[in-house]
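Trainee: Need the 3D shape of this:
(one chain, ligands or ions: 3)
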Amino acid sequence: MSLFTFDDLKKQALLLGWDDVGVTAACIPEEDIAAYRDWISQGHHAQLAYMEKELRCYPEQLLPGAKTAVLFVSYYKQERVPFSPEAGVVASYARGRDYHNVHRSRLKKMIRWLEERAGETGIAKGFSDSTPILEKALAVQAGLGWFGKNTLLIHRRFGTFTLLSGLLTTLELPFTTLAARLPRCGTCTRCLDACPTQALISPYQLDANRCLSNHLIESKEPLPASIRDKNPGYAFGCDICQDVCPHNQRTPLSLCEELSPSSGLGAYLSVEKLETLLPDDLNGTPLKRRGIEGLRHNLSEEAPPLPNGGRA
Ligand code: B12
Ligand code: SF4
Ligand code: SF4
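Mentor: Ligands and ions are numbered 1, 2, ... in the order given. Sure, this is the predicted structure:
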């Protein structure tokens with residue numbers, strides 16, 4: 001019998017600041033592994049070499065003896081702001097504190113709580129985004145929601161403006177109900193139609209080579225002209241395939257203080273504001289990933305230099 005009931009776990013998760021929790025087996029469904037391999041073999045991961053680590057399909061290699069995966073949901077919906085000629089828009093997840101830090105501190109506390117109650121240490125390993133593991137596949141398996149055609153997890157109550165984190169543990173914990181994997185998008189194709197760069201090449205398939213979010217957050221390079229010309233006004237990240245989603249229309253704004261614009265650099269970034277920032281000012285915010293120089297490229301209206309320095 002498990003030492004913990006699901007209610008114990010959920011109470012603790014909510015106390016630490018998460019909005020929902022699901023529990024499932026620490027293994028990735030075969031269909032997700034197949035979809036992942038296909039995505040990599042077609043080069044849809046662009047320059048994201050870290051995505052090639054097959055390890056992300058095998059949680060038991062991250063934590064030997066892992067039996068259970070606990071998935072946590074943070075709801076972060078922010079006000080939708082208009083594009084402006086004066087400044088670029090920052091995607092809503094990135095306006096406050098860096099969620100990696102927020103989650104890391106909650107995960108530490110959650111793991112300590114589990115260890116104290118189980119009377120054992122070394123029984124859990126936390127993850128949020130950067131650890132190689134297919135988080136959305138585990139979240140779907142834990143019954144937290146469904147894959148949307150925009151490839152994001154549509155949480156059954158909060159929609160897609162949700163961030164994931166979780167932990168693997170050697171403990172046996174009570175699993176939450178398996179949601180039917182059946183998609184909830186029906187005939188809707190709003191995200192595919194609205195994507196300015198046609199990065200959603202077919203339902204449930206994103207080509208990162210074309211995705212604004214990849215170029216404005218992850219890439220180490222200036223924006224390719226073909227992408228920059230289609231950017232409607234983002235300085236960092238992109239929310240278009242979420243803004244149009246019917247599952248996000250009637251949800252309220254998030255009340256999480258740490259993820260709110262007042263805890264970070266806010267909803268807009270202008271060239272003038274950027275020039276006043278020092279590299280350290282980005283610390284603790286998601287914008288640190290792109291750095292001052294990268295953000296300058298994001299806001300630049302000039303074509304990037306040619307790779308050979310312009311020589312014929
Ligand atoms: C790499 C990555 C990116 C890349 C590539 C995105 C992608 N779709 O893979 C880029 C840089 C573009 C990106 C952008 C964003 N990201 Co990102 N990203 C990741 C990361 C690190 C890995 C994702 C991954 O595993 N991709 C591999 C491919 C194969 O997965 P996939 O495209 O989802 O394919 C699956 C489904 O489509 C499904 N599938 C395939 N065919 C079919 C058919 C049917 C019928 C069904 C039902 C399912 C299905 O199977 C596949 C395998 O599970 C995760 C964190 C993590 N460790 O998991 C965050 C993560 C997915 N990102 C996140 C966020 C918030 C974003 C942005 C919203 C940020 C922004 N505002 O700019 C955008 C959204 C863009 C988008 N529409 O996805 C969140 C998403 C939370 C959620 N609710 O889903 C995550 C989980 C981070 C986190 N810890 O919260 N991201
Ligand atoms: S994040 Fe933006 S560019 Fe990327 S798939 Fe969604 S709408 Fe398209
Ligand atoms: S916009 Fe429509 S197709 Fe896209 S994820 Fe939302 S419901 Fe699904």
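Trainee: Quick one: name whatever helix or strand follows the longest helix along the chain.
Mentor: Longest helix of the chain, by residue count under DSSP state H: helix 99-118. Using DSSP states H and E, the helix or strand that follows helix 99-118 towards the C-terminus is strand 124-127.
Trainee: List the strands paired with that following strand, with their directions.
Mentor: In the sheet, strand 124-127 lines up against strand 162-169 (antiparallel) (DSSP bridges).
Trainee: What mean pLDDT does the helix or strand following the strand it pairs with get?
Mentor: Under the assignment DSSP H and E, the closest C-terminal helix or strand after strand 162-169 is helix 190-194. In this model, helix 190-194 has a mean pLDDT of 98.
Trainee: Who are the packing partners of helix 190-194?
Mentor: Other elements packing on helix 190-194 under the criterion 3 or more CB pairs under 8 Å, 6 or more residues apart in numbering; DSSP states H and E are strand 200-202, helix 240-243. C-beta coordinates here come from the backbone N, C-alpha and C atoms, glycine included.
Trainee: How far off centre is stretch 153-160?
Mentor: 13 Å (CA atoms, centre = their mean, to the nearest Å).
Trainee: Mind checking if it is in reach of ligand 2?
Mentor: No - Stretch 153-160 does not reach ligand 2 (CB under 6 Å from any ligand atom); its nearest approach is 10.3 Å.
Trainee: got the angle between the longest helix of the chain and strand 162-169?
Mentor: Computed by axes from the mean of the first three to the mean of the last three CA atoms, to 10 degrees, the angle separating helix 99-118 from strand 162-169 equals 30 degrees.
Trainee: Now do helix 99-118: everything it contacts.
Mentor: With contacts defined as CB atoms under 8 Å, 6 or more residues apart in numbering, helix 99-118 is touched by 3-4, 12-13, 16-18, 72, 74, 76, 93, 121, 123-124, 126-130, 163, 165, 167, 169, 171, 258-259, 284, 286.
Trainee: Report the buried members of these.
Mentor: By neighbour count, with 16 or more other CB atoms under 10 Å, the contacts of helix 99-118 hold 4, 12-13, 16-18, 72, 74, 76, 93, 123-124, 126-128, 163, 165, 167, 169, 171, 258-259, 284, 286 as buried.
Trainee: Intersect those residues with the contacts of ligand 1.
Mentor: 93, 128, 163.
Trainee: where's the first one relative to ligand 2, distance?
Mentor: Distance of Tyr93 to ligand 2, computed by CB to the nearest ligand atom, to the nearest Å: 11 Å.
Trainee: Spell out which parts of the stretch 1-150 of the chain neighbour ligand 3.
Mentor: 148-150.
Trainee: Just put those in a markdown table and tack on secondary structure and neighbour count.
Mentor: A markdown table is the format used below for those (DSSP: H, G, I helix; E, B strand; the rest coil; neighbours: other CB atoms under 10 Å):
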| residue | secondary structure | neighbour count |
| --- | --- | --- |
| Gly148 | coil | 24 |
| Lys149 | coil | 23 |
| Asn150 | coil | 24 |
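Trainee: where does the stretch 201-312 of the chain dip in pLDDT?
Mentor: 303-312 (pLDDT under 70).
Trainee: How about the stretch 1-150 of the chain?
Mentor: Applying pLDDT under 70 to the stretch 1-150 of the chain flags residues 1.
Trainee: Quick one: the helices in it, in order.
Mentor: Counting by DSSP state H, counting those that start in this stretch, the stretch 1-150 of the chain has helices at residues 6-15, 30-41, 59-62, 99-118, 135-141.
Trainee: sorry, back to before: now tabulate the residues of the stretch 1-150 of the chain next to ligand 3 in CSV and tack on distance to Thr197.
Mentor: Output for those, formatted as CSV (distance: CB to CB, whole Å):
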residue, distance to Thr197
Gly148, 18
Lys149, 16
Asn150, 13
